[in-house]
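Q: I need the structure of the sequence given here:
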Amino acid sequence: MRWRFFAGLVGSTSCAALLGACAAMPDMTSVASYGASNVMSPSGYSEKQLDDTHYQVTATGTEATPKDRIEKIARARAAQIAVEQRMKYYKVASVQYGIACSKGHEFYKGGSTPPGSRPTVLIDVVYAKQPPDPTFVSAAESYEALSGELANEVVAPEAKAAAEQESRAGCGQKA
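A: Next comes the predicted model:
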């Protein structure tokens, strides 16, 4: 009996400390991290292989993710693909920015989801075992540098707010 009381006390104290720490955090708006996107978590990267040496890499952010971070995620994935495919060099042939807009939904039993907007970047990537021209860069060096930058990057609250405003405006939503 005593053990259960002690476990309950420790558990509730831990929860209270965790909630207090979360409440003390000034900015809860998250930015996209480096990882694959999926149905449950649309932020991140995905790729489509067009042929042996040509891919399209897409990166999607949260509303608060600045375009340059989303592009960095796409470029890091492009470099990682090169490393995985044993291609020593790659180049980004083109970059296209966009915004994925979603409508809000009302549920018949009550409640709703707000409209959303997610900035996107689509890059076309060409790979090579030997660089055919000076525009190709080392995949291993690039991946190491970009993944390090992404892991250590801190996005300022002002940059998050500006990204949210730009994203919502691109979908015709109020800021």
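
Q: so how far is Met40 from the most centrally placed residue in the chain?
A: The residue lying closest to the centre of the chain (C-alpha atoms, centre = their mean) is Ala32, at 2.8 Å. Distance, Ala32 to Met40, using C-beta to C-beta, to the nearest Å: 14 Å. (Glycine included, C-beta is placed from N, CA and C.)

Q: with Tyr34 instead?
A: 17 Å.

Q: how about Tyr127?
A: In terms of C-beta to C-beta, Tyr127 sits 30 Å off from Met40.

Q: which one's more surrounded, those two?
A: A side-by-side neighbour count of Tyr127 and Met40, using other C-beta atoms under 10 Å, places Tyr127 first with 22 against 5.

Q: quick check: which element contains that one?
A: Using DSSP states H and E, Tyr127 maps to strand 116-128.

Q: look at Met87 and give its secondary structure.
A: coil (DSSP: H, G, I helix; E, B strand; the rest coil).

Q: my read: Val83 touches Tyr143, true?
A: Yes. With contact defined as C-beta atoms under 8 Å, Val83 reaches Tyr143; the gap is 5.6 Å.

Q: tell me the helices in the protein, going along the chain?
A: 2-24, 67-84, 139-152, 157-170 (DSSP state H).

Q: which positions in the last one come out as buried?
A: For helix 157-170, burial by neighbour count (16 or more other C-beta atoms under 10 Å) applies to 159-160, 163-164, 166-168, 170.

Q: relative to Pro114, which of those is nearest.
A: Nearest to Pro114 among the buried residues of helix 157-170 is Arg168, at 10.3 Å by C-beta to C-beta.

Q: correct me if wrong: the closest one contacts Lys174.
A: Yes. Shown here, Arg168 and Lys174 form a contact pair, counting by C-beta under 8 Å, at 6.9 Å.

Q: could you tell me the least trusted of the helices of the chain?
A: Here the lowest mean pLDDT among the helices of the chain goes to helix 2-24, at a mean of 43.

Q: contacts only, for Glu71.
A: Applying C-beta atoms under 8 Å, 6 or more residues apart in numbering, we find Glu71 in contact with 59, 95, 97, 121, 123.

Q: measure the residue nearest to Gln49 when sequence neighbours are not counted to Asn38 for me?
A: Of all residues not flanking Gln49 in the chain, Tyr55 sits nearest, at 5.4 Å (C-beta to C-beta, 6 or more residues apart in numbering). Using C-beta to C-beta, we find Tyr55 at a distance of 18 Å from Asn38.
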